[in-house]
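Enquirer: Here is a sequence with its predicted model. Questions after.
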Amino acid sequence: MLRTLDIILIVIMTAVAAITYTIKHQAEDKLSEVRKLEAEIRLEKDTIDLLRADWALLTQPNRLQMLIADYQAELQLVPTESTQLIQPVELPMLKSELPVFDEADTDKDGKVTDREAKAYAVKLVGADADKIKTGSVKN
């Protein structure tokens, strides 16, 4: 009886040792994967730092001013006027805000009649449409 018990214990110990070795091997594989990923992350961070330094070098005001002076004849760059900028309220309306005209508002070709378009414009901006101030845009 002791012999069978000894054999069973030896088989169990061998199985446990094999399982332990397998788990250790898997852990080492995962550790090597983590190290590879850390190396890739470090490389990407170094690349980003290098690109930022390159960008800072390329966008130096003195360098840009020199390039503008060198290529002024080809580029013909001029400063932006304040009258070329608009305010957000001056932007056109969204498509979702456009009116929906039914068949009664359209002519036989399916186009909106001038009368309906003018009525909508008056309703939209009011009767004083010519008195709208555009802010920064010159007339």
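Expert: Arrived safely, thanks for sending.
Enquirer: any chance you could map the strands in this protein?
Expert: When assigned using DSSP state E, the chain turns out to have no strands.
Enquirer: need the longest helix for it.
Expert: The helix that spans the most residues within the chain, counting by DSSP state H, is helix 2-58.
Enquirer: pLDDT (mean, whole number) over it?
Expert: Averaged across helix 2-58, the pLDDT comes to 95.
Enquirer: again, but for stretch 69-78
Expert: Rounded mean pLDDT across stretch 69-78 is 88.
Enquirer: so how far is the first residue of it from its last?
Expert: Terminal residues of stretch 69-78 lie 12 Å apart, using C-alpha to C-alpha, to the nearest Å.
Enquirer: now swap in stretch 80-90 and tell me
Expert: 18 Å.
Enquirer: ok, now stretch 63-76?
Expert: End-to-end distance for stretch 63-76: 18 Å, by C-alpha to C-alpha.
Enquirer: what's the domain layout of the chain?
Expert: The chain breaks down by automatic domain parsing into domains covering 8-70, 81-131.
Enquirer: hmm, back to that, just name whatever secondary elements the longest helix of the chain is in contact with.
Expert: Judged by 3 or more C-beta pairs under 8 Å, 6 or more residues apart in numbering; DSSP states H and E, helix 2-58 is in contact with no other helix or strand. Quick note: C-beta positions are derived from backbone N, CA and C, even for glycine.
Enquirer: any idea how far residue 67 is from residue 77?
Expert: Distance, residue 77 to residue 67, by C-beta to C-beta, to the nearest Å: 10 Å.
Enquirer: who's more crowded, those two?
Expert: Higher neighbour count among residue 77 and residue 67: residue 67, with 12 against 9, using other C-beta atoms under 10 Å.
Enquirer: count of residues packed around the residue nearest to residue 63 when sequence neighbours are not counted?
Expert: Among residues not flanking residue 63 along the chain, residue 57 sits closest, at 7.6 Å (C-beta to C-beta, 6 or more residues apart in numbering). Here the number of neighbours of residue 57 (other C-beta under 10 Å) works out to 9.
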